[in-house]
Structure formats: C-alpha cells, structure tokens
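Trainee: okay, predicted coordinates and the sequence, questions at the end:
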Amino acid sequence: MYCPPRPQPLAALVSLLRTMARGDGDLLSLLPAKAYKVETGWLGYSRRSILIVNAPELLRDVLTDPSGIYPKNDLMVGALEPLVGNSIFVSSGAIWKRQRQMIDPAFSHMRLGKAFVSMSAAVDDYEQHLDEQAARAEAFSLDLAMSHLTADIICRTVFSTSLQSRTAVDVFEAFTVFERTCAQVELKRLIFDEPFANIPQHPVVLEACERIRHHLGDLVDTHLGARAGNYDDIASAVIEARDVDTEQGFTRKELLDQLGVMFLAGHETTASALIWAFMILSVQPAVMARVRSEVEAVAGDGPISLEQVRRMSYVRNVFKETLRLYPPITFIPRVAAESAQIGRHRVKRGAMLMIAPWTIHRHRDYWQHPHAFDPDRFSPEREHELVAGAYLPFGLGPRVCVGAGFAQLEASLILARLCRRYDFQVHDLQRVRPVARLTTRPAEQLRMTVTRRS
C-alpha cells in the first residue's frame, strides 16, 4: 500500500526540538507520537494546557456544544480577525446565531445544479491555459494552479464574474504570507502566552490582509450602489439579508467579512486537497488508470454533466481519501470558556481543546492501515469498516461546513476532466513535506509539468 508523505511521529520533547530547529511554524511536526494513539490526552506542557480530543463521542460533544462553553479558540480568532473580522467563521453565541440567520438564505444560491455551470465554465478556461503550458513543456506551481482555478470557480459563484489572473496570483501570494507569518501560529505563543491574551499581528501580516480585502472590496462594490446590476448570486443575497429584529442589513465592512469567508474558505480548502490529490495520482498509475477508466465509461470524451459526475463513485472516493489523509483544516481548536469535564479529564477555563482531523483520520483505533492511501475504504462493500464520527474534513455539529457538497462536486469535476486530458509529473517528490499552520499545505510549493494525452 502506498503511504504518501507525512511527518514521522516522535516523542513529545523530540517533536518540540524538531519544530524549533526547523523554525517554520509547522504544527504537524509538533504533534507527538501519542497524539495518534490516545482517545484524549494532554499535549506536552504549556501555560494554558492543551487537551487533544480524538474520541468521536467526546469530540462530538465539544463541536455540537449544547451548553455554549466551547467557543472558537481565541488564538484562531485572533489569527483570522484581521482577514475576516468577526464573521460567521469565528464569531460565537448570539452574534453567530444572528449572522447565520441572515446568511442562511444566501446558501440557497449554492444550488449545485446552478453552480455546476460556473464550475464547468471555469474548467473550460483553465484547460485552455494548461494546453498552452503543456505545449511549452513549462513547469508551474501546482499550489498556485489549484488556488487560481478554485478561486475562479468560487468568484463566478459568489460574484457572477471570473477572477482576473493577476488578482488570483496576488491573493494567493498574500494568503501564503498571512498563513506563514501570523502571530497565533508561532510556537512561543502556543506554549508561553496566557489564555485570551491580546496578541498584536506583524505589520507584514496586516499588509497581506489588506491586499486580500482590497480585492474583495472591488468585487463587493460591483454589487453596491449605482454599480449594482441585476445579480442573482450569493453576494446579492448576502447584501439583501436583513436582521429579523432590527431590519438592518450588513455594513460594507461586514459584507467584506462575510463574503471574504465564503471566498477564502470556498477556494483555499478545496485547492489544498487538490494539490495532494494530483501529487498522489502522479505517482500512482494504477489509481490514475481507474480514474480514467471510470470517467471514460461514464462520460466518454464528450462534455461531462452534473449527473455523470455524481455517478463517478471512484473519483469521489479518491477525493474523500485525500481529504482523510490531508484534511485542509488540520485542527479545529476550541477553548473552555469555563471549567468542564471531558472524558476522564478536568479542564480549567482557558484550556485549549485540540480536535485534530489529522490525528483522528490517522488513528489506529478508527482506521485500518491509517497512513495508506486506499480510496476503496469508502466503497459500499467496506462501509462497515467506517467508525461514526471519525471522518470530519468538513467539521461536525451546527458549524459544519455548508459548502461540503459544493466542494466535493467541484473537486470531482476537476479531477475527472484534468485526469482525462493530461498526464502529470510532479518534480522533486523526495522533498515533499506536509506542514500545518492554518491549513495543510506542502512546505514548499510543488512544481508540476503536464502533457496532453493523445
């Protein structure tokens, strides 16, 4: 069985020293070996204490949070606030409920039949671009390529317009700077800072956030005032949303916050998974052959329809297995707003509760051959092997990702069309190393060459 790249789990102290030596803020390398084995357990030593929660029945209690005592972790909120404000992704309590009530109607615009038209058009344009690169035998960044394609798709869905290439590159570069540099993923913050501390961000992070929000502002402004057209999309639905009590809509800043979440979460997470999927397919010819065989059996060499994508179960399982091994949201951190009991552990106020899809998806008690790439584990014949609650690439509970169906359809279409049309070669595979800061990415951008299939 093929086991794609992963950090080698080590003892807690050795993991800490390895992470400090690398100095790149990689939280995956910080995870000790016991994090992959325990149901719950304390992670190392820190001023605030960190409890990892792997057991499905316990993490479900934390993520559903019926008592409202496990809000989004303050470190994550502090990291994301300059980028998405106090939006639905980071807010809690009454503010989150108000935002969700206002935004829910907009989610109807994510109807998959309607969105599929935008997805297909974006892939049409991207295939023309890849044809040119293939003709030149030109190596390119797989990371940037997938970010550009998925950003174009979400831009067409949210704002009814394609994304300019220069804008896509600038957003990608700014987000990379943001993710690598934001203060909340610094090791010293994690270990030494008090809970709920106000942590200032580095100027370079604030500048990266400003660049991204500037581009989002340009997109939002096309839907406001005299420039507004007769739009029927997610952006227009969010603009029209009203508070049931005050009948007030979102301010322009709040629109940037809410639509920024949809834009960034709607493309960065899918792009992250697709990077890993194409890397794996490039070195697994048997898997690639099965993907192509299914695509050709279902759709031949003609246009691929929504119903045909839905029939491509193996393609879908390749993406699901990629999400298992490389969940885009590596960690779902919460904080104890008051003292609580989680399993056999008593946690104090301010303790960090670390729910890590990365370790849950690779836990030896929940998965057979947990580090191996095996799409067939999601087939109907092996459904009995799956442990309820042990697969959560889109989260769990009331805050589960509303775009899960969108992302799976989008990724399946991209995999089907690009695998049918191209051969892929990833360069310097021996150097590939996954890291986690806010999302799961390669430590260095992957370089790839494509050639047209005859």
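Mentor: Perfect, thanks for sending it. Residues are numbered from 1 along each chain as shown.

Trainee: my read is that P327 contacts P393, right?
Mentor: Yes. Using C-beta atoms under 8 Å, P327 is in contact with P393, at 4.6 Å. Placement of C-beta: from N, CA and C, glycine included.

Trainee: okay, and the common contacts of those two?
Mentor: 357, 361 (C-beta atoms under 8 Å, 6 or more residues apart in numbering).

Trainee: measure the residue nearest the centre of the chain to P327 for me?
Mentor: By C-alpha atoms, centre = their mean, the chain has its centre lying nearest to T269, at 2.5 Å. Going from T269 to P327 by C-beta to C-beta, to the nearest Å gives 9 Å.

Trainee: so which bits of the longest helix seen in the chain are buried?
Mentor: Ranked by number of residues, the top helix in the chain under DSSP state H is helix 252-283. Neighbour-count burial for helix 252-283 flags 254-283 (criterion: 16 or more other C-beta atoms under 10 Å).

Trainee: and for stretch 335-353?
Mentor: Neighbour counts over stretch 335-353 (16+ other C-beta under 10 Å) mark 335-337, 340, 342, 345, 347, 350-353 as buried.

Trainee: which of those residues sit farthest apart?
Mentor: A337 and H345 (16.4 Å; C-beta to C-beta).

Trainee: ok, which stretches of the stretch 301-450 of the chain are helices?
Mentor: Using DSSP state H, counting those that start in this stretch, the helices found in the stretch 301-450 of the chain span residues 306-310, 313-325, 357-360, 404-421.

Trainee: deepest of those helices, which one?
Mentor: The highest mean neighbour count among these, using mean count of other C-beta atoms under 10 Å, belongs to helix 357-360: a mean of 25.

Trainee: what residues does that one touch?
Mentor: By C-beta under 8 Å, 6+ apart, helix 357-360 touches 28, 31, 35-36, 52, 54, 56, 59, 327, 329-332, 366, 390, 392-393, 436, 440.

Trainee: PyMOL command for the buried members of those residues?
Mentor: Burial among the contacts of helix 357-360 is assessed by 16+ other C-beta under 10 Å; the matching PyMOL selection reads:
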select buried, resi 28+31+35+36+52+54+56+59+327+329+330+331+332+366+390+392+393+436+440
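
Trainee: among the contacts of helix 357-360, which ones are in strands?
Mentor: Residues of the contacts of helix 357-360 located in strands (DSSP state E): 52, 332, 436, 440.

Trainee: from what I see, the last one and P327 are in contact.
Mentor: Yes. The pair T440 / P327 is scored as a contact, 6.2 Å apart, by C-beta under 8 Å.

Trainee: circling back to that earlier point, following the longest helix of the chain in sequence, what is the next regular element?
Mentor: For helix 252-283, the following helix or strand on the C-terminal side (DSSP states H and E) is helix 285-299.

Trainee: buried ones in that next one?
Mentor: For helix 285-299, the buried set under the neighbour-count rule, 16+ other C-beta under 10 Å, comprises 287-288, 290-292, 294-295, 298-299.

Trainee: give me the neighbour count for G300.
Mentor: 11 (other C-beta atoms under 10 Å).

Trainee: quick check: it vs S293, distance?
Mentor: 12 Å.

Trainee: what ranges in this structure fall below the confidence cut-off?
Mentor: Within the chain, the stretches with pLDDT under 70 are 109-110, 183-186, 226-229.

Trainee: a markdown table for the helices of the stretch 301-450 of the chain, including distance to T40?
Mentor: Shown next, in a markdown table, are those (distance: least, C-beta to C-beta, whole Å):
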| stretch | distance to T40 |
| --- | --- |
| helix 306-310 | 38 |
| helix 313-325 | 21 |
| helix 357-360 | 11 |
| helix 404-421 | 26 |
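
Trainee: quick check: which of these is nearest to R213?
Mentor: helix 404-421 (23.1 Å).
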